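>>> Sharing a model prediction with you, sequence too.
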Amino acid sequence: AQSVTQLGSHVSVSEGALVLLRCNYSSSVPPYLFWYVQYPNQGLQLLLKYTSAATLVKGINGFEAEFKKSETSFHLTKPSAHMSDAAEYFCAVSDRSYIPTFGRGTSLIVHP
Amino acid sequence: NAGVTQTPKFQVLKTGQSMTLQCAQDMNHEYMSWYRQDPGMGLRLIHYSVGAGITDQGEVPNGYNVSRSTTEDFPLRLLSAAPSQTSVYFCASSQGTLNTEAFFGQGTRLTVV
């Protein structure tokens, strides 16, 4: 069975600081991993996805994530936070079922 | 390009009432799914469908029914609403391959009183 664990339900950073959101996965087969972002009162939209082509994946809005098989991790980073990055972030994994399983989400708070 | 459309956006029900949440997609996706989002719980899968005429249960199916008569539509029915079903509901669709993402609707905020 597949699952993801997001460490930290809330992450608080100052504007301009590094953003690091953690995601660890469990999958019996090589996984396909995704990060989604949800802005207030909206649906989820894709930030980036790992599909085995490259371990470092670049997404929209300056975010990137690195797949580390040895650590079963897919952490999301951004070098410099903007106020507009404040949102809920979800890590998700798909394997043979084709229906993604989501983590519990991490709320990113950006302080001026 | 509409994508995934959910109606209504907001709904208040009394305990015991029934209703249908509508979901339609115009991307010809085979896979469709319903999630509920509750604080601290992330998104939990209610039901999903891998094509017209085929549905299956997810993690939290009790109290909900679905059907898939067409590729485009995937309605979610609450048979007898309970306060525990107060939540935000999201419909999603995807092409049904491992490396493709899900596309989400804007959500339906349901309150059961």
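Arrived safely.

>>> so what secondary structure elements neighbour the lowest-mean-pLDDT helix or strand in chain A?
Using mean pLDDT, DSSP states H and E, the weakest-scoring helix or strand in chain A turns out to be strand A:101-102, at a mean of 90. Where contact means 3 or more CB pairs under 8 Å, 6 or more residues apart in numbering or on different chains; DSSP states H and E, strand A:101-102 is packed against strand A:3-7, strand A:87-94, strand B:42-51. C-beta: built from backbone N, CA, C; applies to glycine.

>>> quick one, which of those strands is nearest to B:Ala102?
strand A:87-94 (8.0 Å; CB to CB).

>>> For A:Tyr98, give its distance to B:Asn99.
If you measure A:Tyr98 against B:Asn99 using CB to CB, to the nearest Å, the figure is 10 Å.

>>> next one: B:Gly63
Distance from B:Gly63 to B:Asn99, by CB to CB: 33 Å.

>>> same check, this time on B:Val50
17 Å.

>>> re earlier: so which bits of the helix or strand following the least confident helix or strand of chain A are buried?
The helix or strand immediately downstream of strand A:101-102 is strand A:106-111, counting by DSSP states H and E. Neighbour-count burial for strand A:106-111 flags A:Thr106, A:Ser107, A:Leu108, A:Val110 (criterion: 16 or more other CB atoms under 10 Å in any protein chain shown).

>>> same question for strand A:106-111, mean pLDDT?
Mean pLDDT, computed over strand A:106-111, is 96.

>>> Tell me which other helices or strands it touches.
strand A:10-14, strand A:19-26, strand A:87-94.

>>> Kindly spell out which helices and strands sit in contact with the first one.
If you count contacts as 3+ CB pairs under 8 Å, 6+ apart, strand A:10-14 packs onto strand A:19-26, strand A:106-111.
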